[in-house]
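>>> got a predicted structure plus its sequence, pasted below:
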Amino acid sequence: MTHVFHRTPRHTLEFAVRGEGIRLFDGQGRAYIDASGGAGVSCLGQGHPDVIRAIKKQLDEVAYVHTSFFTTQACEDLADFLAERAPGDLNHVYFVSGGSEAIEAALKLARQYFVEKGQTSRRHFIARRQSYHGNTLGALAIGGNVWRREPFLPLLVQAHHVSPCYAYRDQRADETPEQYAQRLADELDAKIRELGPENVAAFVAETVVGATAGVLPPVGGYLKRVREVCDRHGVLLILDEVMSGMGRTGHLFACAEDGITPDIITIAKGLGAGYQPIGALVASSRIYDTIVQGSGLFQHGHTYMGHATACAAALAVQQVIERDGLLQNVRTRGEQLRAALHSQLGDHPNVGDVRGRGLFVGIELVADRAGKTPLDPARRTHVALKKQAMENGLLMYPSGGTVDGVRGDHILLAPPFICTEADIDEIVGRLVATIQSVLPA
């Protein structure tokens, strides 16, 4: 009996005892290829010597200080690194311990920004259905996943939701991507007008939707249209890149591919690659200056914000990615991965869609391809796929509720940036065997 309160208490977990590169090993000596980076986290795999060296060096100097007393060189250097590479005027970085904390901080910063400006009626946040922004109460309130929200609804602040950018299911046959993008932007515009522009603080969206809907990249022009709508009404745009950012799509900031700059961007997972818990928000100079010239205090904080060891680890991770040209590898290996999946699974009757950017790939599974009918949720196909994949020595991230929080199954792949051509071939081989075993054609 374990005294650890796992989130699935009746499920017995194996012990992970060693990690090496893209592989993890359990207590029985079995090896697993980590093709999802845990939950899209381990972008450098396990045991990278540069990162371990940076952590040890920081521990030898100072492990932790509270940010009300001191800053540290690791914190300052990491902030400089990110600000210099962030799009537009995103010049100010606030470090926390993970993605949910980053979203909470972003929501509070957006609200305080308008309070400082005297626009105190701006209290509403708009997000998208089938979105996921974290599991703390504020982040859960903004999120659009019905199943995750339902038990906690009495505790959640009111939020408003519009349609996701879900081209596979929602783009009409007679629409171009540009027309579809405009239709979604018009829906957001109508929602803001319904609530009253003077009452809306921000629109919150994942640049590329992650685990809730199985990697939904925006169609061309969508985020530019969204940016225009937000600007029209003085509404802030908060982009959640907790899963899609920090190189996962082949760009350090995923929104760079869309040619836009949000007002606040949140990052986490790939920032520290799992070597230490860390997340951050990056805010525009306009927002920062409003706080500085107003109250002079962001009314927020956490004990472990700006953690020295976490910042040292994250800086080393980002320096390795840049030095070794891993963003190019992400783009190249991502093209290989999607091409191989299309080639080997393109005719499978239960594979409806293969999508993604870089090494961020989703496979949506269906009962029939022509009608895009979801598999029966009672079959719990995603659970069977995860179990079979582990038996095949593969770790992937399957989930249910893809379509509406209840129906739909998908597989998410987010292998480490260090993957080789041979690694991708092996991942695809094991994945195809898994799908064919659970869903024989």
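Structure's in. What do you need? Numbering: from 1, shown residues only.
>>> give me the residue at the spatial middle of this structure.
When C-alpha atoms, centre = their mean is applied to the chain, the residue found nearest the centroid is M243 (1.9 Å).
>>> so that residue is in contact with G214, correct?
No - M243 is beyond contact range of G214, at 11.8 Å (criterion: C-beta atoms under 8 Å). From N, CA and C alone the C-beta is placed, and that goes for glycine too.
>>> next, the buried residues of stretch 39-50.
39-46, 48 (16 or more other C-beta atoms under 10 Å).
>>> pick the one among those closest to R169.
Nearest to R169 out of the buried residues of stretch 39-50 is G40 (C-beta to C-beta; 22.4 Å).
>>> the closest one against M396, yeah?
No - at 11.2 Å, G40 and M396 do not qualify as touching, with contact defined as C-beta under 8 Å.
>>> shared neighbours, those two?
L412 (C-beta atoms under 8 Å, 6 or more residues apart in numbering).
>>> who's in contact with the nearest residue to G400 once chain neighbours are set aside?
Closest residue to G400 apart from its sequence neighbours, by C-beta to C-beta, 6 or more residues apart in numbering: H382 at 4.7 Å. Contacts for H382 were tallied using C-beta under 8 Å, 6+ apart; they are 398-400, 409-411.
>>> and H382, what helix or strand is that in?
H382 is part of helix 381-391 when elements are defined by DSSP states H and E.
>>> avg pLDDT for that helix?
For helix 381-391, mean pLDDT is 97.
>>> what segments of the stretch 301-441 of the chain are strands?
Taking DSSP state E, counting those that start in this stretch as the test, the strands found in the stretch 301-441 of the chain are 351-357, 360-365, 394-395, 397-400, 409-413.
>>> quickly run through the sheet partners of the last one, with directions.
Partners of strand 409-413 in the sheet, by DSSP bridges, are strand 360-365 (antiparallel), strand 397-400 (antiparallel).
>>> just send those back as a markdown table, with mean pLDDT, distance to A16 and mean neighbour count too.
Listed next are the strands paired with strand 409-413 as a markdown table, based on pLDDT from 0 to 100; distance: least, C-beta to C-beta, whole Å; neighbours: other C-beta atoms under 10 Å:
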| stretch | mean pLDDT | distance to A16 | mean neighbour count |
| --- | --- | --- | --- |
| strand 360-365 | 98 | 23 | 26 |
| strand 397-400 | 96 | 16 | 23 |
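>>> I435: which of those is closest?
Nearest of the strands paired with strand 409-413 (C-beta to C-beta): strand 360-365, 7.9 Å.
>>> from memory R30 sits against G393, does it?
Yes - with contact defined as C-beta under 8 Å, R30 reaches G393; the gap is 6.9 Å.
>>> dump the C-alpha coordinates for the helix or strand bottoming out on mean pLDDT in the chain into CSV.
Lowest on mean pLDDT, DSSP states H and E among the helices and strands of the chain sits helix 146-149, with a mean of 88. The C-alpha atoms that make up helix 146-149 are tabulated as CSV, following Å, rounded to 0.1, in the frame of the first residue of the first chain:
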residue,chain,number,x,y,z
VAL,A,146,-17.0,20.3,-19.7
TRP,A,147,-15.8,17.2,-18.0
ARG,A,148,-12.9,18.8,-16.1
ARG,A,149,-15.1,21.7,-15.0
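>>> shift numbering so it begins at 49
Got it, first residue is 49 now, which makes that one helix 194-197.
>>> after that helix comes which helix or strand?
That would be, after helix 194-197 and using DSSP H and E, strand 208-210.
>>> flag every buried residue along that following strand.
For strand 208-210, a neighbour-count test (16+ other C-beta under 10 Å) marks 208-210 as buried.
>>> from these, which is closest to F53?
H209 (31.2 Å).
>>> show me what contacts the closest one?
174-177, 179, 192.
>>> can you check T168 too?
T168 touches F162, counting by C-beta under 8 Å, 6+ apart.
>>> that one - that's part of a helix, no?
No - using DSSP: H, G, I helix; E, B strand; the rest coil, the assignment for T168 is coil, not a helix.
>>> can you check the pLDDT for it?
Note for T168: predicted pLDDT of 98.
>>> please report the distance of it from F162.
Computed as C-beta to C-beta, to the nearest Å, the T168 to F162 distance reads 7 Å.
>>> just V378 next, same as before
V378 is 37 Å from F162, by C-beta to C-beta.
>>> neighbour count for these two, which is higher?
Neighbour count, other C-beta atoms under 10 Å: between V378 and F162, V378 has more, with 26 against 22.
>>> list the contacts of that one.
295-298, 406-407, 465.
>>> ok, so of the buried residues of strand 208-210, who is nearest R101?
H209 (45.1 Å).
>>> just to revisit the earlier point, distance from the least confident helix or strand of the chain to the middle of the chain?
On the basis of C-alpha atoms, centre = their mean, to the nearest Å, helix 194-197 sits 18 Å off its chain's mean C-alpha point.
>>> now stretch 135-144
17 Å.
>>> before we move on, what about stretch 268-278?
20 Å.
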